[in-house]
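K.L.:
Just a sequence and a predicted model for now, questions to come.
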Amino acid sequence: MNEGSVLEMRGIEKRFPGVVALNNVDFTLREGEIHALMGENGAGKSTLIKVLTGVYHKDEGEIYLKGHDIPVAIYSPQDAQHFGISTVYQEITLCPNLSVAENMFIGRGKGLRRDWKKMNAKADKILQSLGIPAQATQELSSCSLAVQQMVAIARAVDMDCKVLILDEPTSSLDDQEVQKLFGLMRDLKAKGVGIIFVTHFLDQVYEVCDKITVLRDGQLVGEYVIEDLPRVKLVSKMLGKEMDDMSDIKNESTAYSGKDAGTRVLEATSLESNAGIKPFDFYINKGEVNGFTGLLGSGRSECVRAIFGADRVLGGSVSVNGKPVKIRKPIDAMKQGIAYLPEDRKIDGIVGDLSVRENIILALQVMKGFFKPFTKAQANAFADEYIKALNIKTASADTPIKSLSGGNQQKVILARWLLTHPDYLILDEPTRGIDVGTKVDIQKLVLKLASEGMSITFISSETDEMLRTCSRLIVMRDRRVVGELRGDELTQNNIMSTIAGGEEL
């Protein structure tokens, strides 16, 4: 091993039926380094991490760790832990009903767990040494998501961690929580821990990382010092082509110009739900792309869930194409030509054990009725059409959707709703956690569908994405609509000032 390295992966290969997931990939991590692992969904990041942590067995290649003269064999996550490799995943895998200390020592230290006083004292010492604002005895569920992530990291560090893998740890955190997590990462870096940081947030990479390794299509593109790789170069290396000016996405599209342009497709008055949304008015026109914007927790998702009937509606009225309708549950909305891609694809979107084909036809099958199943030929035709139309990367339509990358899973869910040929499509965070190239594809698709007459509500936590796609934005704060922007009013500054000004605007 090279001097200063804590981990070296050499010539790693991993193959699945019909797919080469990793092809001769090298990766080096040094002591006291925060190293970003970047690439589009499907580039091989997750596979490389799973090989390192023993979830997958590599087909070729060698893994070297500091302190070992020969390559190490990692056949299970337990082996990885034994070698000082710990992983903290995007979904927190701790037990919220147990105390912080119990979560830190669960599954180990039986003698310690019998001595509660000693266990709590040791936990408090670790928490204090890492600057984590939590008490050993408090229930984990009482902690913020950021602190829960930190507790998971504390558990990993206490297990004599030499390599810490953070897999999308910031996707559910607000800006202040992200900064707290970054502070802990810098403290661990100072202690000599090597950190692999997997994320899709480019700004965060440039704020906290020392180096970047880029993968594309299962192959190593290169390793770069952060100062030597400007953002635009990073994006072009991830995509394998020079990045188009994303600000021109909107200019490339044409507005819908049918005879019914401007007519109201859906209108809601004083709508409220059991999710705590204050009564709000809403409308969308034929061929329009509008959106809800606001800070995390402002109520963006809850508004569209009320429109779709995903949350229980407590009051208000809805009209579709000028006719009053009652939407009390999602099937009511679907029958009115409304489709909804939910915020959390893993919980509300994909059915992991079903195939790509079965996930694509699911919504249309629900509308038709499960006692009237599609023939295999029909199902194949539907799946093949949308796999091709949306460029879904999958070995076949029979592949379980859980085997696909996050971006391709999102495309499958989008295909599911497009197959119902909706008049009104709601997209809630359709680009969260997916690569830059797929984000651009989805944004362009949204504008193309709108130009053909589909009405679309687009929600994203990335404001620049909203500005590229929407012609009108409803601004929210504290689960209340506080303003509306359109045309020349659509700027970052105006959105922020509207959120800050609330009803005084």
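P.N.:
Yep, it's here.

K.L.:
so I284 sits in a strand?
P.N.:
Yes. Counting by DSSP: H, G, I helix; E, B strand; the rest coil, one finds I284 located in a strand.

K.L.:
So it is in contact with A268, correct?
P.N.:
No. Taking contacts as Cβ atoms under 8 Å, I284 lies outside contact range of A268: 9.4 Å. Glycine gets a C-beta too; all of them are placed from N, C-alpha and C.

K.L.:
For the residue nearest to A389 when sequence neighbours are not counted, give me its contacts.
P.N.:
Counting by Cβ to Cβ, 6 or more residues apart in numbering, A389 lies nearest to A415, which is 7.5 Å off, once chain neighbours are set aside. By Cβ atoms under 8 Å, 6 or more residues apart in numbering, A415 lies in contact with I360, Y386, I387, A389, L390, I392.

K.L.:
how does it look with 6 Å?
P.N.:
Residues in contact with A415, defined by Cβ atoms under 6 Å, 6 or more residues apart in numbering, are I360, Y386, L390.

K.L.:
now the residue in the chain sticking out farthest from the centre: how far from L127?
P.N.:
In the chain, D115 marks the outermost C-alpha relative to the chain mean, sitting 40.1 Å out by Cα atoms, centre = their mean. As defined by Cβ to Cβ, to the nearest Å, D115 lies at a distance of 18 Å from L127.

K.L.:
the strands in the stretch 301-450 of the chain, which residues?
P.N.:
Assigned strands in the stretch 301-450 of the chain, in chain order: 313-320, 323-325, 338-341, 424-428 (criterion: DSSP state E, counting those that start in this stretch).

K.L.:
So for E102, which of those sits nearest?
P.N.:
Closest approach to E102 among the strands of the stretch 301-450 of the chain (Cβ to Cβ): strand 424-428, 34.9 Å.

K.L.:
now that closest one: mean pLDDT?
P.N.:
Strand 424-428 shows a mean pLDDT of 93.

K.L.:
Quickly list the domain ranges of this protein.
P.N.:
Each domain of the chain is listed here as a residue range: 5-239, 244-337+424-429+462-505, 339-421, per automatic domain parsing.

K.L.:
Quick one: those as a markdown table, columns for distance to S451 too.
P.N.:
Listed next are the domains of the chain as a markdown table, based on distance: least, Cβ to Cβ, whole Å:
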| stretch | distance to S451 |
| --- | --- |
| domain 5-239 | 24 |
| domain 244-337+424-429+462-505 | 5 |
| domain 339-421 | 15 |
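
K.L.:
Out of those, which is closest to V436?
P.N.:
Of all the domains of the chain, it is domain 5-239 that lies closest to V436, at 5.4 Å by Cβ to Cβ.

K.L.:
now that closest one: how far from the chain's centre is it?
P.N.:
17 Å (Cα atoms, centre = their mean, to the nearest Å).

K.L.:
Check stretch 468-481 too.
P.N.:
21 Å.

K.L.:
which secondary structure elements does the one helix or strand Y64 maps to contact?
P.N.:
Per DSSP states H and E, Y64 falls inside strand 60-65. When contacts are defined as 3 or more Cβ pairs under 6 Å, 6 or more residues apart in numbering; DSSP states H and E, strand 60-65 sits against strand 5-16.

K.L.:
Mind checking what helix or strand follows the helix or strand of the chain with the lowest mean pLDDT in sequence?
P.N.:
Lowest by mean pLDDT, DSSP states H and E among the helices and strands of the chain is helix 110-114, with a mean of 54. Under the assignment DSSP H and E, the closest C-terminal helix or strand after helix 110-114 is helix 116-129.

K.L.:
average model confidence for stretch 352-364?
P.N.:
89.

K.L.:
Of the contacts of A415, grab the buried ones for ChimeraX.
P.N.:
Buried members of the contacts of A415 can be picked out in ChimeraX with the line below, counting by 16 or more other Cβ atoms under 10 Å:
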select :360,386,390
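
K.L.:
any idea which of the contacts of A415 is closest to A397?
P.N.:
So of the contacts of A415, ranked by how close each gets to A397 (Cβ to Cβ), first place is I360, at 7.9 Å.

K.L.:
Quick check: that closest one vs V19, distance?
P.N.:
I360 is 19 Å from V19, by Cβ to Cβ.

K.L.:
Kindly report the same for E462.
P.N.:
Distance of E462 to V19, given as Cβ to Cβ: 30 Å.

K.L.:
ditto for R186
P.N.:
R186 sits at a distance of 37 Å from V19 (criterion: Cβ to Cβ).

K.L.:
repeat for L188
P.N.:
Distance of L188 to V19, computed by Cβ to Cβ: 35 Å.

K.L.:
Same question for S141.
P.N.:
From S141 over to V19 the distance is 40 Å, taken as Cβ to Cβ.

K.L.:
So for these two, which residue has more residues nearby?
P.N.:
V19 (15 against 11; other Cβ atoms under 10 Å).

K.L.:
isn't the more buried one right up against K393?
P.N.:
No. Using Cβ atoms under 6 Å, V19 is not in contact with K393, being 8.8 Å away.

K.L.:
got the residue ranges for the helices in the stretch 151-300 of the chain?
P.N.:
Counting by DSSP state H, counting those that start in this stretch, residue ranges of the helices within the stretch 151-300 of the chain are 175-190, 202-208, 231-239, 249-252, 300-308.

K.L.:
List the buried residues for the second one?
P.N.:
Counting neighbours by 16+ other Cβ under 10 Å, one finds that the buried residues in helix 202-208 are Q204, V205, Y206, V208.

K.L.:
Serialize the residues you listed to TSV and add fields for distance to R477 and pLDDT.
P.N.:
Putting these into TSV (distance: Cβ to Cβ, whole Å; pLDDT from 0 to 100) gives the following:
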residue	distance to R477	pLDDT
Q204	25	87
V205	29	90
Y206	29	91
V208	29	95
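
K.L.:
low pLDDT regions in the stretch 251-400 of the chain?
P.N.:
Along the stretch 251-400 of the chain, segments meeting pLDDT under 70 span 251-253, 295-297, 345-348.

K.L.:
quick one: stretch 390-405 to chain centroid distance?
P.N.:
The chain centre lies 18 Å from the centre of stretch 390-405; the measure is Cα atoms, centre = their mean.

K.L.:
wait, I meant stretch 479-490
P.N.:
Relative to the chain's own centre, stretch 479-490 is displaced by 26 Å; criterion: Cα atoms, centre = their mean.

K.L.:
ok so, going back, from the buried residues of helix 202-208, which is closest to L220?
P.N.:
Out of the buried residues of helix 202-208, the member with the shortest distance to L220 (by Cβ to Cβ) is V205, at 17.5 Å.

K.L.:
I'd assumed A36 was in contact with that closest one.
P.N.:
Yes. The pair V205 / A36 is scored as a contact, 4.6 Å apart, by Cβ under 6 Å.

K.L.:
The helices of the stretch 151-300 of the chain: which one's closest to T263?
P.N.:
helix 300-308 (17.9 Å).

K.L.:
by contact count, what packs against that closest one?
P.N.:
strand 289-294, strand 424-428.

K.L.:
Out of the strands of the stretch 301-450 of the chain, which is closest to S273?
P.N.:
strand 313-320 (5.4 Å).

K.L.:
what's the burial count for the closest residue to G11 other than its chain neighbours?
P.N.:
With sequence-adjacent residues excluded and distances taken as Cβ to Cβ, 6+ apart, G11 is closest to G61, at 4.2 Å. A total of 17 residues lie near G61 under the criterion other Cβ under 10 Å.

K.L.:
in stretch 314-323, what's buried?
P.N.:
Using 16+ other Cβ under 10 Å as the test for burial, stretch 314-323 gives G316, V318, V320, N321.
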